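J.: 3D, please:
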Amino acid sequence: CLAAENGCVYRKRTGEWVQLLSESEAADLDWVSGVQEIFDSFQEHTPGSYTERTTVSLTWYWDDTLPDFGQQQSRDLLVHLWAGPLANSNAEVVLGPRMVEVRPPNCGRAHLMERMLSLEFGEHFDELDFLLCIGNFPWRDEDIF
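T.: From the prediction side, this is the model:
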């Protein structure tokens, strides 16, 4: 199996692509436009920062900024997110090294991998002798192992 979009979609052994988020999870993205506006504003005011959008998440990176300035901007960004579009939202805010990600709840790689394996192998999952997981996982997704 091959997973993409932070594990939100995967390709079955037959070649068919499957979305792992339920319809209600995928539809509950009211927060996206407000978060995008705030990320765009902070990107304008933080030289060296950039935003990445996937199917269900938004991430603001400050890799190429001065460390102290980037840290302060990320703290200010969180205040704007929690006081604005995320005030009444169930979206998760995930902090990583030099990045802030906003995603739906239960959209972590480990949770989605469990769903994928359950769909692919069902009750035969316990019969697997060996499972190999290869990827570039940030420290925040360490629970995948």
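J.: Heading C-terminal from the worst-scoring helix or strand of the chain on mean pLDDT, find the next helix or strand.
T.: The helix or strand of the chain with the lowest confidence, counting by mean pLDDT, DSSP states H and E, is helix 23-27 at a mean of 62. Sequence-wise, the next helix or strand downstream of helix 23-27 (DSSP states H and E) is helix 32-45.
J.: Skipping its backbone neighbours, what lies nearest residue 80 in space?
T.: Nearest non-adjacent residue to residue 80, counting by CB to CB, 6 or more residues apart in numbering: residue 38, 5.0 Å away. Placement of C-beta: from N, CA and C, glycine included.
J.: again with residue 40
T.: residue 51 (6.8 Å).
J.: The one you found: what secondary structure?
T.: Recorded secondary structure, residue 51: strand (DSSP: H, G, I helix; E, B strand; the rest coil).
J.: Read off the pLDDT value for the residue in the chain sticking out farthest from the centre.
T.: Here the chain reaches farthest from its C-alpha mean at residue 127, the gap being 30.3 Å by CA atoms, centre = their mean. You'll see residue 127 listed with a pLDDT of 80.
J.: who are the neighbours in contact with it?
T.: Shown in contact with residue 127 (CB atoms under 8 Å, 6 or more residues apart in numbering): residue 121.
J.: any idea how far it lies from residue 117?
T.: Noted for residue 127: a distance of 12 Å to residue 117, by CB to CB, to the nearest Å.
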